[in-house]
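A.B. asks: just a sequence and a predicted model for now, questions to come.
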Amino acid sequence: MSLDAQRSELEQLGFRIVEQSGDSLIAITKKFHWDCVFTKLSYVVFVREIAELTPAVIEADRLGLEQRTRQLDPSILPRGLQKGIAVIVAYLAERVTPEARALCESKPKVRFAYFYLPAARDGATGLDHYLKTTPAWGAIYFSKLRFVIQKVLTPGQGGSSWPVSGGGAVMTLFIAAVLVVNLALFLSR
């Protein structure tokens, strides 16, 4: 199997391929999202073909990619000051164990301004496994994270433009309105 379709999808979304071997690729993009309270989010996507996906594989990749992400995304802005990192690991597996499936579909550990989301396409069943619910923490980003996951697991499906975060847009407009009102009050003194 080739990763050409995944590579093409990622490049169309503005990702830069930073590494590719026969069965894996790593891509990165940095997006400023006005609709997510004016946040810059760096996306690191790791796509890997594998015979069998297990929790041990997911955990080993998580540990390795956490360090690798820091090297791929150097920034003068510290994480959390309107900047976050999303690491998406998409496995194209011949078989996904039930434990790995549960791990992909469960809420990941909460980390400050850092998302790590494993996802898998099970070749044996043809099903995709990833977090489909929206947790309260980071909720304004999940439509974007799911969009990238879906584009990588099922290339050619869905729309081609990034979704707008409805809740994030409302929060952004509210904060902007509060700032404008406070500025007007300050200037009227």
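C.D. replies: Noted; the coordinates are in hand.
A.B. asks: in the longest helix belonging to the chain, what's buried?
C.D. replies: When the chain is parsed with DSSP state H, its longest helix is helix 166-187. Residues of helix 166-187 classed as buried under the neighbour-count rule (16 or more other CB atoms under 10 Å) are 168, 169, 171, 172. (Each C-beta comes from the backbone N, C-alpha and C, glycine too.)
A.B. asks: in the residues you listed, find the pair that's most separated.
C.D. replies: Of all pairs drawn from those, the greatest distance, 7.3 Å, lies between 169 and 171 (CB to CB).
A.B. asks: what sits against the closest residue to residue 167 other than its chain neighbours?
C.D. replies: Excluding its sequence neighbours, the residue lying closest to residue 167 (CB to CB, 6 or more residues apart in numbering) is residue 140, at 5.4 Å. Under the criterion of CB atoms under 8 Å, 6 or more residues apart in numbering, the neighbours of residue 140 are 35, 36, 37, 165, 167, 168, 171.
A.B. asks: next, residue 140: secondary structure please.
C.D. replies: helix (DSSP: H, G, I helix; E, B strand; the rest coil).
A.B. asks: try the one 4 residues further on
C.D. replies: The three-state label given to residue 144 by three-state DSSP is helix.
A.B. asks: quick one: it and residue 35 touch, right?
C.D. replies: No - Residue 144 lies out of contact with residue 35 (CB atoms under 8 Å); the separation is 9.1 Å.
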